[in-house]
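[1] pasting a predicted model and its sequence here:
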Amino acid sequence: MTEKPKFADQAPFTAGSDSHSLNTQNAKKVYADIIDLPHHQSATRPHMSLHDRAAQFAPFAALSGYDDMVTETARLTDTEIELSDSEIEIINSVIAEIASLPENGGHPTVSVTHFIPDPHKHGGRYEPFTGVVKRVDPIKKQLIFYGSDSTEDKTVPTIDIDLAKVIHIAIISNPS
């Protein structure tokens, strides 16, 4: 198969083992006037580093945020357990006992497992917590813990746990 030459002084292209050498010779003839000139460097613009030149051809995220969305969708959450009436009764009796202790001057150490809803999607996670109870708030239905292990440290903010989210509660130590 033979192609027509692009230039008058160019030999026709033929497929075969000598085609590369013919094209190289033709290129040298065509570009003979500029092939040995020095590479142009701009006098007004700084030379771009190889790192910056390579960055022009780096892949990019055509759908910004897509990877984050896929990661968020793949993240697993637990569903909230619905307690039976007998389990709720047991938790309420322990909470009543805990509520009476701070009134008598005691601050028990309590272990609680509670549900924390996920802010981004349906479900959440169960998290255990152990701390010293400051008081039980019956109006807000919260168990309020000291922010540190010390009952005298007033600088650390308190930790509030919603009683409706508690699935397990146990008194670890009772100071009275």
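    That came in fine, so what should we check first? Numbers count the residues shown, from 1 in each chain.

[2] residues in contact with the residue nearest to Val136 when sequence neighbours are not counted?
    Nearest residue to Val136, sequence neighbours excluded (Cβ to Cβ, 6 or more residues apart in numbering): Ala99, at 4.0 Å. Placement of C-beta: from N, CA and C, glycine included. Taking Cβ atoms under 8 Å, 6 or more residues apart in numbering, we find Ala99 in contact with Arg135, Val136, Pro138.

[3] check what contacts the longest strand anywhere in the chain and list those residues.
    Assignment by DSSP state E gives strand 124-137 as the longest strand of the chain. With contact meaning Cβ under 8 Å, 6+ apart, strand 124-137 is reached by 77-78, 80, 95, 98-99, 101-102, 107-118, 142-146, 149, 151, 158-161, 163, 167, 172.

[4] which of those are buried?
    The neighbour count (16 or more other Cβ atoms under 10 Å) marks 80, 95, 98, 101-102, 107-110, 112, 114-115, 142-146, 159, 161, 163, 167 as buried among the contacts of strand 124-137.

[5] take these and keep only those in strands.
    Within those, residues falling in strands by DSSP E are Thr109, Val110, Val112, His114, Phe115, Gln142, Leu143, Ile144, Phe145, Ile159, Ile161, Ile167.

[6] this completes my enquiry, with thanks.
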